[in-house]
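# I need the structure of the sequence given here:
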Amino acid sequence: MRFVAAYLLATLGGNPSPTKDDVRAILGSVGAEVEEDKLEMLFKEVEGKDLADLLAAGREKLAFASPGGAAAMDMSPAAAAGAAEEKKEKVEEKEEDEDEEDLDMFSLFD
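Residues are numbered from 1 along each chain as shown. Here you go, the predicted structure:
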C-alpha cells in the first residue's frame with residue numbers, strides 16, 4: 001500500500017510518469033523500507049496504463065465490495081424514525097425510574 005501511496009503522491013506532485021527512483025525518494029523521506037520486489041510488481045501493473053483509468057477501475061471494483069456493518073446503518077427514513085422513537089421511550093422510562101428513586105429516598109426521613 002505504501003508503494004501505491006508514494007506513486008500517487010508523485011503524480012499529485014506534478015509528475016505524470018513517476019519512476020522507481022521517485023517512489024524510492026518519497027518512501028526514503030519518511031524512513032520507510034523499500035522492498036524492491038513489491039516496487040517492481042507495482043511498476044509492472046501500472047506500465048503503459050493511464051492513472052485515471054486505473055483509479056476508475058478500482059472504484060468500480062469497490063462498488064461491488066460488501067460494506068459489512070454499513071448495511072445496518074443504511075435505514076429507510078421510516079425505520080430510522082422508529083429507532084429514534086424507541087430510544088426516546090427508553091430515555092423516558094429511565095427518567096421515570098429516577099423520579100421514583102428520588103421519592104423513595106425522601107420517604108426515609110418521614
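# Residue 13 and residue 29: what is the separation?
For residue 13, the distance to residue 29 (Cβ to Cβ, to the nearest Å) stands at 12 Å. Where C-beta positions appear, they are placed from N, C-alpha and C, glycine not excepted.
# Please apply the same query to residue 38.
From residue 38 to residue 29 the distance is 18 Å (Cβ to Cβ).
# More neighbours: the two, which one.
Taking other Cβ atoms under 10 Å, residue 38 and residue 29 do not tie; residue 38 has more neighbours (13 against 10).
# quick one: average pLDDT of stretch 57-65?
For stretch 57-65, mean pLDDT is 83.
# how about the helices in the chain?
2-12, 20-29, 36-46, 51-63, 70-73, 77-106 (DSSP state H).
# which of the ones you listed has the lowest average pLDDT?
Across those, the lowest-scoring stretch is helix 70-73, with a mean of 51.
# Now for the nearest residue to residue 4 once chain neighbours are set aside: which residues touch it?
In this structure, residue 4 finds its nearest non-sequential neighbour in residue 42, 6.5 Å apart by Cβ to Cβ, 6 or more residues apart in numbering. Neighbouring residues of residue 42 by Cβ atoms under 8 Å, 6 or more residues apart in numbering: 3, 4, 7, 23.
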